[in-house]
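Enquirer: I would like the atomic coordinates for the input below:
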Amino acid sequence: MHPNTRAGIAYIVSALANEVAGTGVFDYAQCKSFSFSGTVQRDYVSILDHERRCHITGRCDSLYDQGRKTQLSLSLSNNHFTGYDVGDAQQFCGDVNGNTVMLHEKGSTSRFTFRIF
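Expert: Numbering: from 1, shown residues only. Below is the predicted model of the structure:
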């Protein structure tokens, strides 16, 4: 999955789980911050990825990453999430714990940790 997409997913699930959106995401794997803004609600998401200057929009079960021109799906139950990146044919899952999001790409050993700020 593209690093910006991963960070966007972390931003979205954190906002949904904590019922408040931050202003960005720190990706420990890349030692890099990503800035996001916009609306995150259970029935509609529209966030701007400031680095790529593009949006991730839609309902959680059918999101669209405009920068990559690909569909994403996302489901959050309590603080656990699952999803699918159509562009990379990649399933993912993870957990939200306060301002920390752990994301695992299924079928690989890749695990990513994000801090929401």
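
Enquirer: can you report how many residues lie near residue 36?
Expert: Residue neighbour count, defined by other CB atoms under 10 Å, stands at 25 for residue 36. Every residue, glycine included, has its C-beta placed from N, CA and C.

Enquirer: residue 71 looks like it's in a helix, true?
Expert: No: Residue 71 sits outside any helix when classified using DSSP: H, G, I helix; E, B strand; the rest coil, being strand.

Enquirer: can you get me a residue count around residue 95?
Expert: Other residues lying near residue 95 total 15 when counted by other CB under 10 Å.

Enquirer: list of residues touching the helix or strand harbouring it?
Expert: Mapping residue 95 onto the secondary structure by DSSP states H and E places it in strand 90-97. Taking CB atoms under 8 Å, 6 or more residues apart in numbering as the criterion, the residues outside strand 90-97 that touch it are 1, 6, 9-10, 13-14, 17-18, 76, 79-85, 101-107.

Enquirer: which parts of stretch 90-110 are buried?
Expert: Residues of stretch 90-110 classed as buried by neighbour count (16 or more other CB atoms under 10 Å): 90, 92, 94, 96, 101, 103, 105.

Enquirer: which of those residues lies closest to residue 69?
Expert: The nearest member of the buried residues of stretch 90-110 to residue 69, counting by CB to CB, is residue 90 at 15.7 Å.

Enquirer: so what pLDDT did the closest one get?
Expert: The predicted local distance difference test score for residue 90 is 95.
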